[in-house]
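Undergrad: Need the 3D shape of this:
(one chain, ligands or ions: 1)
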Amino acid sequence: MNQNQELFLQLIKTEKTCVMFAPSYIVSFKYPDIIQQLRAMGADLVTEITYGAHLTNVNYEKYIAEHPEQKYYISSPCPTIVAIIKSQYPELEKYMVPVYSPIMCQAKVMRKKYKEHKLIFVAPCTAKRELEAKRFPGMLDTVITYKELKEIIAEEKIENYKEQKGSFDLCIKNNTKIYPTSGGLTMSSNITKMIPKEEIKISDGFVEIKKTLEEIKNETTKYRFFDLLNCEGGCINGPEVADDKMIDERNNEIIKYKEQNIETEEEEYDLEGESFYSEE
Ligand code: SF4
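TA: You can find the predicted model right below:
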């Protein structure tokens with residue numbers, strides 16, 4: 001067990017916790033078993049960050065409407081992309097859309113409503129812990145990856161979990177379940193109604209990303225909105241996704257999961273006066 005796994009176990013067994021899954025979780029875990037297993041371990045609330053993704057989308061649309069003259073808009077939910085731009089393309093920082101990622105939007109809402117709960121994020125990559133959680137200290141109590149959680153579940157030998165509630169708590173959005181696929185942000189938002197399709201570039205994978213960033217830097221691109229994810233195929237192919245399927249199969253799993261239409265009632269959240277812009 002590494003330190004992150006030990007902290008996860010300590011929190012889930014001794015504190016009130018809210019466990020938040022990135023929507024690519026379905027590629028690594030079985031629904032609803034994983035929810036039941038977490039409840040059997042002691043989780044109080046279990047949710048998915050599709051609501052946070054909805055907030056990210058709404059705020060992207062708001063930002064674009066407020067900044068119609070901006071030359072380029074570069075998406076920022078992938079912390080690796082943010083780090084690449086900050087270290088290798090600082091001149092492009094001004095084009096990054098300064099809106100919180102889905103996990104940070106959702107954490108902000110949960111922190112306000114569930115003040116006693118410790119927030120745990122289950123993520124497809126360590127970049128969410130090593131880059132993003134560190135960039136916004138105090139937002140999350142810990143981040144655990146899919147591979148780490150799988151190891152914990154195997155080690156804990158959880159029995160009789162089937163008697164636990166299998167549905168998610170809190171609001172879950174169906175349309176943002178495609179968020180972890182390449183172009184998920186664009187396809188689940190109204191951005192295509194604000195920017196012509198011919199001006200939207202969806203790129204994934206390190207090689208493609210570098211090419212795209214070079215074109216923006218040299219102003220040789222014909223695009224204006226850039227939906228970028230560092231992993232080929234998107235977060236469904238993140239380095240901590242515990243699964244050996246091909247990208248196409250993973251995409252199909254996301255589509256099938258979306259078709260199940262697991263959506264919950266929207267909770268009453270007090271968003272009055274809240275900003276989801278991530279200006280540092
Ligand atoms: S694209 Fe890859 S590195 Fe970026 S957030 Fe998704 S899993 Fe993490």
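Undergrad: part of a strand, is Val19?
TA: Yes - the assignment for Val19, made by DSSP: H, G, I helix; E, B strand; the rest coil, places it in a strand.
Undergrad: give the contact list for it.
TA: Counting by Cβ atoms under 8 Å, 6 or more residues apart in numbering, Val19 makes contact with 12, 38, 43, 45-47, 120, 122. For every residue, glycine as well, the C-beta is placed using N, CA and C.
Undergrad: what residue ranges in the stretch 101-250 of the chain score low on pLDDT?
TA: Residues of the stretch 101-250 of the chain meeting the criterion pLDDT under 70: none.
Undergrad: Helices of that one, start to end?
TA: All helices of the stretch 101-250 of the chain, identified by DSSP state H, counting those that start in this stretch, fall at 102-113, 127, 134-135, 146-156, 184-188, 191-194, 206-217, 247-259.
Undergrad: quick one: is the third one near the ligand?
TA: No - no part of helix 134-135 sits near the ligand under the criterion Cβ under 6 Å from any ligand atom; the closest distance found is 12.8 Å.
Undergrad: Quick one: distance of that helix to the chain centre.
TA: Counting by Cα atoms, centre = their mean, to the nearest Å, helix 134-135 is centred 15 Å from the centre of its parent chain.
Undergrad: Tabulate the helices of the stretch 101-250 of the chain in TSV, adding columns for distance to Met20.
TA: Listed next are the helices of the stretch 101-250 of the chain as TSV, based on distance: least, Cβ to Cβ, whole Å:
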stretch	distance to Met20
helix 102-113	6
helix 127	16
helix 134-135	17
helix 146-156	12
helix 184-188	17
helix 191-194	24
helix 206-217	26
helix 247-259	17
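Undergrad: Count the neighbours of Gln76 for me.
TA: I think there's a mix-up here, since residue 76 is Ser and not Gln. 23 (other Cβ atoms under 10 Å).
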